[in-house]
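> predicted model and sequence below, questions to follow.
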Amino acid sequence: PIISEMEFAAKYMGKAKTICITGSNGKTTTTSLIYKIMRDAGVNVALGGNIGESFAYQVATAEYDWYVLELSSFQLDGMYDFRADVGVLMNITPDHLDRYDYCFQNYVDSKMRITQNQHSRNYFVYSADDEVIAAELEKRTDMRMRQLPFAAKAAVASGAGDGFLVDGEFTARVGEKAVTIDTAKMKIKGLHNAYNAMAAALATLALILVLVLWVVITLSTGKTFIRRPDPTEPPTNGTRPTEETRETLPPPPENPYEPIDFTADEETGEITLTARKQNCANLTCFESIDTCGFKLVNSVFDIGNSE
């Protein structure tokens, strides 16, 4: 069969792991949030796929521990042995049907390829509010991966973890790690961005190496660096935004939180951060969280909720 760049490059990425995001809408914003959370946390991570640098180019020229990949249905169609360590499916609505013989089920099957080859040590993050995804999961009873649903309308519950939005706050939980976030304090607004943030939180909480602290810091202080392209703008580097690549990502700013030291007070649970760049010294975690309306749960330090 003809394989995609994703399938080809994955054979040469060594022990690196992947978080792969797809969906008819919201996948670029969610991909960017996941990448930024991991980057802020100091993870050796690259951004690629349908956004950023070529995945194959990055595999060939550098060594990363994690790749955050936005995947279109076109790319998924050429992936056979590839397995996402964490797969994220935002939603499925009719799109690109000319490619799929104007059969919506063909397009649905393409998007569901995000779960192919996943096993019991992998994670699948998905919208439980999406009726198309829900119908597909009812048919696919042999899925063995750990499922992490998120929702604002449907009741969700999963032993592995879940996310739910109620009264303007969402709680995302994976195992014993959880964050509760007031969406009014987020830099990106709207229900669609609450979905994006829930998916990003679940995907990163699934990683042992990312402390919940960084999920909170990034979502509370970070601004999305996504913007919708203007089709009237002149081409950049000889290229224009395409229908498939609907959003653009300028180079990320220098991370003001790297390198960072942190200490935890065993009695109070207070975490003190000491950053050595851009005058970010002596940031007190709970002061930042109280200001932004966030609560933090981190079983690693046995912190409990900050009030």
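Noted; the coordinates are in hand. Residues are numbered from 1 along each chain as shown.

> my guess is Thr218 contacts Gly42. True?
No - using C-beta atoms under 8 Å as the test, Thr218 is too far from Gly42 to be in contact (11.9 Å). All C-beta spots, glycine's among them, are computed from the backbone N, C-alpha and C.

> more crowded one of these two?
More crowded of Thr218 and Gly42, by other C-beta atoms under 10 Å: Thr218, with 24 against 15.

> now that one, nearest residue through space, not along the chain?
Once flanking residues are discounted, Thr218 sits nearest to Ile37: 4.4 Å by C-beta to C-beta, 6 or more residues apart in numbering.

> backbone torsions only: list them for that neighbour.
In terms of degrees, to the nearest 10, the main-chain angles of Ile37 are phi -60, psi -50.

> next up, the contacts around it.
Ala200, Thr204, Val210, Trp214, Val215, Thr218, Leu219 (C-beta atoms under 8 Å, 6 or more residues apart in numbering).

> what about 6 Å?
For Ile37, the contact set (C-beta atoms under 6 Å, 6 or more residues apart in numbering) comprises Thr204, Trp214, Val215, Thr218.

> columns pLDDT on top of those residues, output as TSV?
What follows is those, written out as TSV (pLDDT from 0 to 100):
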residue	pLDDT
Thr204	94
Trp214	71
Val215	79
Thr218	73
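
> from those, which ones fall inside helices?
Counting by DSSP state H, the contacts of Ile37 place Thr204, Trp214, Val215, Thr218 in helices.

> how many neighbours does the closest residue to Cys103 other than its chain neighbours have?
Of all residues not flanking Cys103 in the chain, Leu97 sits nearest, at 7.3 Å (C-beta to C-beta, 6+ apart). The number of residues packed near Leu97 is 12, by other C-beta under 10 Å.

> what's the answer for Met143, then?
Other residues lying near Met143 total 14 when counted by other C-beta under 10 Å.

> over to Ala160?
16.

> now Leu191
12.

> angles on the backbone of the residue nearest to it when sequence neighbours are not counted, please.
Closest residue to Leu191 apart from its sequence neighbours, by C-beta to C-beta, 6+ apart: Ala152 at 6.5 Å. The phi/psi pair for Ala152 (degrees, to the nearest 10) reads phi -120, psi -10.

> same question, the one 5 residues further on
The phi and psi values for Ala157, taken as degrees, to the nearest 10, are phi -160, psi 130.

> in contact with Lys17, which residues?
Trp66, Asp85.

> partner residues bridging it?
For Lys17, the beta-bridge assignment (DSSP bridges) gives partners Trp66.

> relative to Ala206, how far out is it?
Going from Lys17 to Ala206 by C-beta to C-beta, to the nearest Å gives 11 Å.

> what ranges does the chain have for its strands?
For the chain, applying DSSP state E gives strands covering 17-22, 45-49, 66-70, 86-89, 123-127, 146-151, 161-166, 169-174, 177-182, 260-264, 271-275, 283-284, 295-297.

> for Ser110, find the nearest of these.
Ser110 sits nearest to strand 17-22 of all these, at 9.0 Å, using C-beta to C-beta.

> Thr22 contacts Ser73, doesn't it?
No - look at Thr22 against Ser73 with C-beta atoms under 6 Å: they stay out of range, at 7.2 Å.

> overlap in contacts, these two.
Common contact partners of Thr22 and Ser73 (C-beta under 6 Å, 6+ apart): Lys111.

> give me the more crowded residue out of the two.
Counting neighbours by other C-beta under 10 Å for Thr22 and for Ser73 shows that Thr22 has the greater number, 28 against 23.

> residues contacting the more buried one?
Thr22 neighbours (C-beta under 6 Å, 6+ apart): Leu71, Leu89, Lys111, Ile114.

> the last one contacts Val88, correct?
Read that as Ile114. No - Ile114 is beyond contact range of Val88, at 7.4 Å (criterion: C-beta under 6 Å).

> show me which of the two is the more surrounded one.
Set Ile114 next to Val88 and count neighbours by other C-beta under 10 Å: Val88 wins out with 32 against 23.

> bridged to that one, which residues?
Ile21, Val125.

> for the contacts of Ile37, pick the one with the most neighbours.
Thr204 (32 neighbours).

> against Phe55, how distant is that residue?
From Thr204 to Phe55 the distance is 20 Å (C-beta to C-beta).
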